[in-house]
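Undergrad: my questions concern the predicted model and sequence given below.
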Amino acid sequence: MSRIGRMCGGTSATQPATANIQDITDQVKCQLEEKTKKKYPIFKAVEFKSQVVAGTNYFIKVQVDDSDFIHIRVFESLPHENRPVTLHDYQTDKSRHDELDYF
């Protein structure tokens, strides 16, 4: 299996969001709304980076309003652990053009 472009511990390149990334994003929407005390009428994953650890961290840019974005960090455990995805951190007040960095 090739590890080019996806070394353990490093983040991948930024990629357009996929249906799987949108599904992961949807799973943590309630967690984010609880932490920010806000409801988001739009919750669309735009792009993401991933980081392989003992599971996978996803750094996802999410559109939450016409011109308002949030960056979220979501952890997905290894499949055999059978745990739900969890929101680990977030950054608010982002724009469409803000770089998706490790946080």
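TA: Alright, I've got the coordinates. Since this is a predicted model, take the numbers as computed values, not measurements.

Undergrad: any stretches of the protein with poor pLDDT?
TA: 1-9 (pLDDT under 70).

Undergrad: residues contacting the spatially most central residue of it?
TA: A centroid search over the chain (C-alpha atoms, centre = their mean) returns Ile60, at 2.9 Å, as the residue closest to the centre. Listed by C-beta atoms under 8 Å, 6 or more residues apart in numbering, the contact partners of Ile60 are 17, 21, 24-25, 45, 47-48, 71-74, 100. Bear in mind the C-beta positions are built from the backbone N, C-alpha and C, glycine included.

Undergrad: please convert those to CSV, extending it with distance to Lys39.
TA: Formatted as CSV, those follow (distance: C-beta to C-beta, whole Å):
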residue, distance to Lys39
Ala17, 21
Ile21, 21
Ile24, 20
Thr25, 15
Ala45, 18
Glu47, 23
Phe48, 23
His71, 19
Ile72, 16
Arg73, 21
Val74, 19
Leu100, 24
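
Undergrad: among the residues you listed, which are in helices?
TA: With DSSP state H as the criterion, helices contain 21, 24-25 from among the contacts of Ile60.

Undergrad: and those residues, which is closest to Pro79?
TA: Pro79 lies nearest to Ile24 out of these, by C-beta to C-beta, at 13.7 Å.

Undergrad: Cys36: how many residues sit nearby?
TA: I think there's a mix-up here, since residue 36 is Thr and not Cys. Thr36 has 13 neighbouring residues, counting by other C-beta atoms under 10 Å.
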